[in-house]
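[1] Show me how the following folds:
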Amino acid sequence: MDDLVRFLRDRNMADNHAYAELAHRFGGDALLDSHLPMLDLVDMLAREYEAMAPTDTRHAGLAYALKVLAQSYTEHPGYRQEWRP
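    Below you'll find the model as predicted:
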């Protein structure tokens with residue numbers, strides 16, 4: 001699961017950089033208002049998972065949620081099929 005969280009955080013960072021480049025080239029109006037806050041929220045969940053004790057009752061549910069969110073990157077060469085929920 002650590003590899004999945006690292007993968008998801010790396011993809012989020014890459015997406016944030018891509019959106020920043022797009023905004024720099026075309027202005028902030030080129031982005032949908034929901035994209036950047038959504039990336040931040042996904043990263044927040046990944047950070048929370050990393051800090052969470054395995055005995056926390058939310059652990060399994062958050063792991064499942066991260067697997068579902070990572071499915072948006074199934075076409076990425078680093079995505080692993082064992083991460084599917």
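
[2] And the longest helix seen in the chain, what's buried?
    With DSSP state H applied, the helix covering the greatest number of residues in the chain is identified as helix 2-26. Of the residues in helix 2-26, 4, 5, 7, 8, 9, 11, 12, 15, 19 count as buried by neighbour count, 16 or more other Cβ atoms under 10 Å. The way it works is simple: take the backbone N, C-alpha and C, and place the C-beta from them, glycine included.

[3] now stretch 59-79
    63, 65, 66, 67, 69, 70, 73, 79.

[4] Closest one of these to residue 46?
    Distance to residue 46 across the buried residues of stretch 59-79 (Cβ to Cβ) is lowest for residue 66, with 6.3 Å.

[5] And that closest one, what's its pLDDT?
    Residue 66 carries a pLDDT score of 96 in this model.

[6] same deal with residue 30?
    65.

[7] mind listing which of the buried residues of stretch 59-79 are in helices?
    Reading helices off the buried residues of stretch 59-79 with DSSP H, I get 63, 65, 66, 67, 69, 70.

[8] Tabulate the residues you listed (JSON lines), appending distance to residue 46.
    Conversion of these to JSON lines gives the following (distance: Cβ to Cβ, whole Å):
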{"residue": "63", "distance to residue 46": "11"}
{"residue": "65", "distance to residue 46": "10"}
{"residue": "66", "distance to residue 46": "6"}
{"residue": "67", "distance to residue 46": "11"}
{"residue": "69", "distance to residue 46": "9"}
{"residue": "70", "distance to residue 46": "10"}
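
[9] Could you list the low-pLDDT ranges of the protein?
    28-34 (pLDDT under 70).

[10] can we see that at 90?
    Scanning the chain for pLDDT under 90 picks out the ranges 12, 15-41.

[11] State the helix or strand in which residue 54 lies.
    Using DSSP states H and E, residue 54 is not contained in any helix or strand.

[12] Just give me the neighbour total for it.
    Counted with other Cβ atoms under 10 Å, the neighbours of residue 54 add up to 8.
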